[in-house]
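>>> this is a predicted model, with the sequence first.
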Amino acid sequence: MATPHHNSALHAPALSAAYPMAKPGYGKRSAPDQQARTRHDFALLPTRERYVAGFVDHLPDGAAMSVKTLAKQLPLYGQQAISTALTALSVAGHLRRVRCPVVGAGDETRWVFRTFWSRTARDNEWWNTYLATEKAAQAAAPAQEASVRDTAPPPPPPTPEGPGAERPRTEQATEPTPVPHQRTPDRAPDTEPAPPAPDAEPHASEAGRSPAYLALARLGRDDHRLTLSADDCATLEPQAAQWLARGVSVDYLTSALTAGLPAKVDSPVGLLRRRLTDKIPPRLPTAGSPPAASPAPARRLLMECTDCGRPGQPEALPDGLCRPCRESHSGSVGEENLPHPADIADVKAHMNNLRDLLKPV
């Protein structure tokens with residue numbers, strides 16, 4: 001004796017752990033702001049659509065949503081029936097198929113395909129608004145998987161093993177200790193190797209200087225007429241930095257300051273200050289930087305017809321169907337194409353006349 005089920009939706013088969021997941025760039029995506037799952041979901045849909053909707057609703061994000069895959073998992077219906085059910089779910093506002101361009105390595109553009117699913121039925125206005133947002137584009141784009149090289153922890157520092165490995169560390173610790181003892185009158189010649197230590201300070205300070213300061217400091221080495229002191233370089237550094245900020249290179253700055261020098265320069269700092277002020281170039285974009293007036297193109301989703309897969313803007317595909325598929329699904333024919341009753345009567349009379357002619361005499 002059959003047991004009645006009071007639930008309006010049919011029981012979908014239980015999901016197995018081996019349900020196929022889609023390839024990267026494909027599969028199911030859940031729409032936001034859905035109502036909580038209840039036993040009365042999809043109660044207004046026909047039996048077949050309730051069965052398919054209950055199964056799709058329990059699929060995880062990223063699951064394969066092709067007609068062939070769903071038909072393998074749903075034994076009650078074939079591929080044609082599943083395709084028709086998905087079309088009906090699209091018209092009911094539960095499903096939309098989209099494609100999105102994604103720029104990969106080397107500016108290579110490829111398309112990813114997603115199937116957005118909503119347990120709560122949505123109208124065309126809601127779908128069009130949601131698919132036009134950046135949130136929908138980010139949900140459709142494939143997630144970038146972190147490589148093992150990026151996620152792997154850094155290797156630990158090598159630890160010395162054995163007594164032989166500790167000797168360099170003890171020698172480095174004892175190396176600075178003899179230095180103070182060498183500063184004695186009777187061992188004055190031994191202090192001659194010490195000057196490299198003060199020489200390291202200019203190199204350390206030079207590494208922290210700006211390119212503008214270093215360019216001014218090198219002018220005196222290229223031409224003795226433009227020899228500047230440290231204070232002069234610090235005074236002219238802001239003006240030289242303005243040149244570099246306008247997109248010119250250090251070589252351009254040097255050639256502009258050293259070109260056409262007089263035979264004798266009484267005040268190098270005065271001459272360079274005047275040239276930095278009078279010859280400042282116009283502002284140019286830095287090499288390799290994109291122009292500020294060309295923002296990155298907004299990534300927008302293209303909707304696909306649920307039945308035939310024809311792409312188009314969401315506004316051009318109401319109910320997720322193109323115009324031919326929508327007319328075929330609704331079964332509506334324009335009133336202008338309906339035959340006139342008089343024409344129907346004429347056709348019937350003509351057919352009766354043909355039958356009479358075919359009768360044997």
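Alright, I've got the coordinates.
>>> what segments of the chain are strands?
Counting by DSSP state E, the chain has strands at residues 28-30, 95-103, 109-117, 302-304, 311-312.
>>> now the first one: mean pLDDT?
Rounded to a whole number, the mean pLDDT of strand 28-30 is 90.
>>> partners of it, with directions?
According to DSSP bridges, strand 28-30 forms sheet pairs with strand 109-117 (parallel).
>>> list the buried ones in the partner strand?
By 16 or more other CB atoms under 10 Å, the buried positions in strand 109-117 come out as Val112, Phe113, Arg114, Thr115, Phe116, Trp117. C-betas here are computed from N, CA, C, even on glycine.
>>> any chance of the residues you listed in TSV, with distance to Leu70 and pLDDT too?
Formatted as TSV, those follow (distance: CB to CB, whole Å; pLDDT from 0 to 100):
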residue	distance to Leu70	pLDDT
Val112	20	78
Phe113	15	83
Arg114	15	86
Thr115	10	90
Phe116	16	92
Trp117	12	93
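>>> can you add distance to Lys359 and give the residues you listed back as CSV?
Formatted as CSV, those follow (distance: CB to CB, whole Å):
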residue, distance to Lys359
Val112, 67
Phe113, 61
Arg114, 64
Thr115, 60
Phe116, 63
Trp117, 62
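>>> which of those residues lies closest to Val52?
Nearest to Val52 among these is Trp117, at 11.3 Å by CB to CB.
>>> quick one, which of the strands of the chain is nearest to Met21?
Taking the strands of the chain one by one with CB to CB, strand 28-30 is closest: 9.5 Å.
>>> in the closest one, which residues are buried?
Buried residues in strand 28-30, defined by neighbour count with 16+ other CB under 10 Å: Lys28, Arg29.
>>> quick one: contacts of it?
Contact partners of strand 28-30, identified using CB atoms under 8 Å, 6 or more residues apart in numbering, comprise 22, 56, 59-63, 65, 114-118, 139-140.
>>> pretty sure Ala132 sits against Glu315.
No. Applying CB atoms under 8 Å as the test, Ala132 and Glu315 come out as separate, 9.2 Å apart.
>>> counting neighbours, what do you get for the residue lying closest to Asp33 once chain neighbours are set aside?
Excluding its sequence neighbours, the residue lying closest to Asp33 (CB to CB, 6 or more residues apart in numbering) is Thr120, at 7.7 Å. Residues lying near Thr120 (other CB atoms under 10 Å) number 13.
>>> what of Lys68?
Neighbours around Lys68, by other CB under 10 Å: 10.
>>> do the one 10 residues further on as well
Gly78: 11 surrounding residues under other CB under 10 Å.
>>> OK, contacts around the nearest residue to it once chain neighbours are set aside?
Take Gly78 and drop its neighbours on the chain: the residue closest to it by CB to CB, 6+ apart is Ala71, 5.8 Å away. Contact analysis of Ala71 by CB under 8 Å, 6+ apart lists Tyr77, Gly78, Gln79, Ala81, Ile82.
>>> buried members of the residues you listed into PyMOL, please.
Those of these that count as buried under 16+ other CB under 10 Å are selected in PyMOL with:
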select buried, resi 77+81+82
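>>> span of stretch 312-321 from start to end?
Taking CA to CA, to the nearest Å, stretch 312-321 runs 10 Å from one end to the other.
>>> quick check: the gap between the closest residue to Ala31 other than its chain neighbours and Gln34.
Nearest residue to Ala31, sequence neighbours excluded (CB to CB, 6+ apart): Ser118, at 3.9 Å. Plainly put, Ser118 is 6 Å away from Gln34 if you go by CB to CB, to the nearest Å.
>>> the more surrounded of the two?
When Ser118 and Gln34 are compared on other CB under 10 Å, the one with more neighbours turns out to be Ser118, at 21 against 13.
>>> and the contacts of stretch 79-92?
Contact with stretch 79-92 is made by 45-46, 48-49, 51-53, 56, 67-68, 70-71, 74, 77, 95-97, 121, 306-307, 319-321, 325, 329, as judged by CB under 8 Å, 6+ apart.
>>> returning to what we had before: comparing Ala132 and Glu315, which residue is more hemmed in?
Ala132 (16 against 12).
>>> where along the stretch 1-150 of the chain do the helices fall?
For the stretch 1-150 of the chain, the helices defined by DSSP state H, counting those that start in this stretch cover 47-57, 67-73, 79-92, 124-131, 134-140, 148-151.
>>> contacts only, for the closest residue in space to Pro238 that isn't next to it in sequence.
Distances taken as CB to CB, 6+ apart place Ala212 nearest to Pro238, at 7.9 Å, with adjacent residues excluded. Contacts for Ala212 (CB under 8 Å, 6+ apart) come out as Glu237, Pro238, Ala240, Ala241, Trp243, Leu244, Leu253.
>>> okay, those in CSV with pLDDT and distance to His40 next?
CSV is the format used below for the contacts of Ala212 (pLDDT from 0 to 100; distance: CB to CB, whole Å):
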residue, pLDDT, distance to His40
Glu237, 89, 75
Pro238, 90, 73
Ala240, 87, 76
Ala241, 90, 71
Trp243, 85, 73
Leu244, 86, 70
Leu253, 85, 76
